[in-house]
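the amino acid sequence is not available; the structure is as follows:
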């Protein structure tokens, strides 16, 4: 336990939060030391007493017969009819799981015949079998990414075994799932080792195990009474662990929501008993309380990350689906909030069906059942549209619907078959500061929001006024993504830095200051944004905004950016104005998407090639500007990075300074008045 870290954080917390946290920490310390939860709740008698069942076999039958979200029966031909290719993809994933081959966090590795649940297979580091309270998982003492053993122990990579079993009844799959669960239980005694160090991961494992149970509970491989007792007892003990280790703070995040979602799943799973009912009700109360606190009025998660918005929407949605399946109430206000969250998903999904690389992205999911790519979030539009009975979302649904099939059944997929896809009108999410320009095959996503987690940093990056752009169906400009967390703190800071985003940098300074090498989820809130104009017309959408990130300099400057999308020509114009006093070094980077090549450079003109198409960047500004080509990294998925091209303008001059550029499909001068575009500001 990092006592000093807790004391530092406690200085900023209300006294009631500090008191609750101190009480929980003391209880957790005693529990980890003396295994009180295991001794009190880890027996068959305790399991039956908590659940109100007369025997383990009766409890097993009760849990299996109780309602659970999803179709009562599934069929391979039915799934392939609504989502072609899904069965083949699931079979391939199941075969990889049988062989213990996983693709996690950017690494494709074989876990071996016997899974080492404590090992980071990428670095080779093995976490010691100590009390989880004695492991400094975020202290950078180990050359390891703790997320790897956590991800393996979430068991999400095992889910295809259960899905294919439901389609085929192949007992090999049930047998292997059981063997993996028993292996995990043998290797992870209660409160010992890295896989107990984060309550969120325990909670996610609980939800996944309930799904595995519903697939396998009647299989021959799971019919052994001793295994049934051990499995149910472990679910009970892990739920109790989550309850005793809730990750509550004065400003809560997706971790606290995951804890609550896990309690809802574990408590509802047992279908009776005072203790499970307490878990379910407590988890639901937390979700009901936190949803309006963590989700801004415009429907966007307040952590400042598109990827985490997807995770948080799942954490709020899937427990609601479970409650709905068992006949428990979900207020209309709760569904309405999920609708607004899904509307944001529809807005940020580009014409290629992918999300922007804005904010942190660790590819986290709660219960992943679909075969879409990791950056395709569109399944959530249809899921929420059907579950919340929202016609506009159902119409906006697009992409693969197998996720909808596993949660809501074939009839729900049928409702979505005639979806028109996400709307193409511009959208402003003013509370979060995200603005979307779109028309037909063009899509521009602009970040004019505050630092994530209410100004503390969280999963936000130094990306104020940065943007991503897809023009005429071709992705041309992206942000840089995340790449890693604790394995390489310097790389973590590099990918969340100002330089890694499409926004001006002044005097080599961060627009929001970093707070130290151990503060990887914190930023100083320097760049406070202000939107000066948002105008949507039939031909053009225009945004003008500024931020105060460099007002702290000895000679302060203000950065103002104007962005305009012309729908007629799929042309994007950007104008940057650096105003204030003094002489400064200013850089304006433009990070091109992977696959975009620079094929020609002339004064004021850069030619690009992408997907057998030609595009042009025309630029002008004060004479002091120099334009150069460079290389930068992009991480489209956690743990993966690749080199791409970057156009970088730079100047050392007294301010004010102005720079304008236009990016568009290569058109003749007669078809577009480029000069007027360059004067967009």
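That came through, no problem. Not measured: the values here are computed from a predicted model. Numbers count the residues shown, from 1 in each chain.

any weak-confidence spans in the stretch 101-250 of the chain?
Scanning the stretch 101-250 of the chain for pLDDT under 70 picks out the ranges 139-142.

same thing but at 90, please
Counting by pLDDT under 90, the stretch 101-250 of the chain shows low-confidence ranges at 134, 136-144.

ok, the stretch 551-681 of the chain next?
Using pLDDT under 90, the flagged stretches of the stretch 551-681 of the chain are 568, 621-622, 666-681.

which parts of it are helices?
When secondary structure is read from DSSP state H, counting those that start in this stretch, the stretch 551-681 of the chain shows helices at 674-678.

would you map the strands across it?
Listed from the start of the chain, the stretch 551-681 of the chain has strands (DSSP state E, counting those that start in this stretch) covering 557-566, 571-580, 583-591, 597-602, 605-610, 613-621, 626-634, 642-654, 657-665.

from residue 262, how far off is residue 334?
To residue 262, residue 334 is 18 Å away according to CB to CB, to the nearest Å. Bear in mind the C-beta positions are built from the backbone N, C-alpha and C, glycine included.

start and end of stretch 104-124, how far apart?
15 Å (CA to CA, to the nearest Å).

how far away from the center of its chain is it?
In terms of CA atoms, centre = their mean, to the nearest Å, the gap separating the centre of stretch 104-124 from the centre of its chain is 22 Å.

can you check stretch 321-333 too?
Counting by CA atoms, centre = their mean, stretch 321-333 is centred 24 Å from the centre of its parent chain.

so for residue 334 and residue 262, which residue has more residues nearby?
residue 262 (31 against 20; other CB atoms under 10 Å).

name the element that one belongs to?
Counting by DSSP states H and E, the element that carries residue 262 is helix 254-269.

helices or strands next to that helix in the packing?
Counting by 3 or more CB pairs under 8 Å, 6 or more residues apart in numbering; DSSP states H and E, the packing neighbours recorded for helix 254-269 are helix 199-216, helix 225-244, helix 274-294, helix 306-325.

give the rounded mean pLDDT of that helix.
When the per-residue pLDDT values of helix 254-269 are averaged, the result is 98.

circling back: would you turn the helices and strands packed on helix 254-269 into JSON lines with mean neighbour count and distance to residue 545?
Formatted as JSON lines, the entries for the helices and strands packed on helix 254-269 read as follows, by neighbours: other CB atoms under 10 Å; distance: least, CB to CB, whole Å:
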{"stretch": "helix 199-216", "mean neighbour count": "24", "distance to residue 545": "34"}
{"stretch": "helix 225-244", "mean neighbour count": "20", "distance to residue 545": "41"}
{"stretch": "helix 274-294", "mean neighbour count": "19", "distance to residue 545": "24"}
{"stretch": "helix 306-325", "mean neighbour count": "24", "distance to residue 545": "19"}
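
closest one to residue 385 among those helices?
Each of the helices and strands packed on helix 254-269 was checked against residue 385 via CB to CB, and the shortest separation belongs to helix 306-325, namely 11.4 Å.

show the subsequent helix or strand relative to the closest one.
Moving toward the C-terminus from helix 306-325, the next helix or strand (DSSP H and E) is helix 332-348.

angle of that next one against helix 306-325?
140 degrees (axes from the mean of the first three to the mean of the last three CA atoms, to 10 degrees).

how far does helix 332-348 sit from the chain's center?
Averaging C-alpha coordinates over helix 332-348 and over its chain gives two centres that are 16 Å apart (CA atoms, centre = their mean).

who's in contact with it?
Residues lying outside helix 332-348 but in contact with it, judged by CB atoms under 8 Å, 6 or more residues apart in numbering, are 288, 291-292, 295, 298-301, 306, 309-310, 312-313, 316-317, 320, 355-356, 377-378, 380-381, 383-385, 387-390, 392-393, 396, 422-423, 427, 429, 434, 436, 438, 445.

coming back round to it: okay, the strands of the stretch 551-681 of the chain in JSON lines with distance to residue 77 and mean neighbour count next?
Output for those, formatted as JSON lines (distance: least, CB to CB, whole Å; neighbours: other CB atoms under 10 Å):
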{"stretch": "strand 557-566", "distance to residue 77": "44", "mean neighbour count": "22"}
{"stretch": "strand 571-580", "distance to residue 77": "45", "mean neighbour count": "22"}
{"stretch": "strand 583-591", "distance to residue 77": "45", "mean neighbour count": "20"}
{"stretch": "strand 597-602", "distance to residue 77": "44", "mean neighbour count": "12"}
{"stretch": "strand 605-610", "distance to residue 77": "39", "mean neighbour count": "17"}
{"stretch": "strand 613-621", "distance to residue 77": "39", "mean neighbour count": "19"}
{"stretch": "strand 626-634", "distance to residue 77": "40", "mean neighbour count": "14"}
{"stretch": "strand 642-654", "distance to residue 77": "39", "mean neighbour count": "16"}
{"stretch": "strand 657-665", "distance to residue 77": "43", "mean neighbour count": "22"}
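
quick one: closest of these to residue 168.
That would be, of these and by CB to CB, strand 642-654, which comes in at 37.4 Å.

which other residues reach the closest one?
Counting by CB under 8 Å, 6+ apart, strand 642-654 makes contact with 582-598, 606, 617, 619, 621-622, 624-634, 636, 657, 659, 661, all of which sit outside it.

residues contacting residue 443?
350-351, 436-437, 469-470.

at 10 Å instead, please
Counting by CB atoms under 10 Å, 6 or more residues apart in numbering, residue 443 makes contact with 347-352, 354, 356, 422, 424, 436-437, 468-471, 473, 475, 565.

which of these count as buried?
347-351, 354, 356, 422, 436-437, 468-471, 473, 475, 565 (16 or more other CB atoms under 10 Å).

re the thing from before, make a markdown table out of the helices and strands packed on helix 254-269 and add distance to residue 666.
Converted to a markdown table, these look like this (distance: least, CB to CB, whole Å):
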| stretch | distance to residue 666 |
| --- | --- |
| helix 199-216 | 48 |
| helix 225-244 | 56 |
| helix 274-294 | 45 |
| helix 306-325 | 30 |
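
out of these, nearest to residue 531?
In this view, the helices and strands packed on helix 254-269 are compared for proximity to residue 531 by CB to CB, and helix 306-325 is the closest at 19.0 Å.

the closest one to helix 199-216, inter-axis angle?
Angle of helix 306-325 versus helix 199-216, following the same axes, to 10 degrees, is 50 degrees.

how far does helix 306-325 sit from its chain's centre?
12 Å.

now do it against helix 274-294, angle only.
Using the same axes, to 10 degrees: helix 306-325 against helix 274-294 is 140 degrees.
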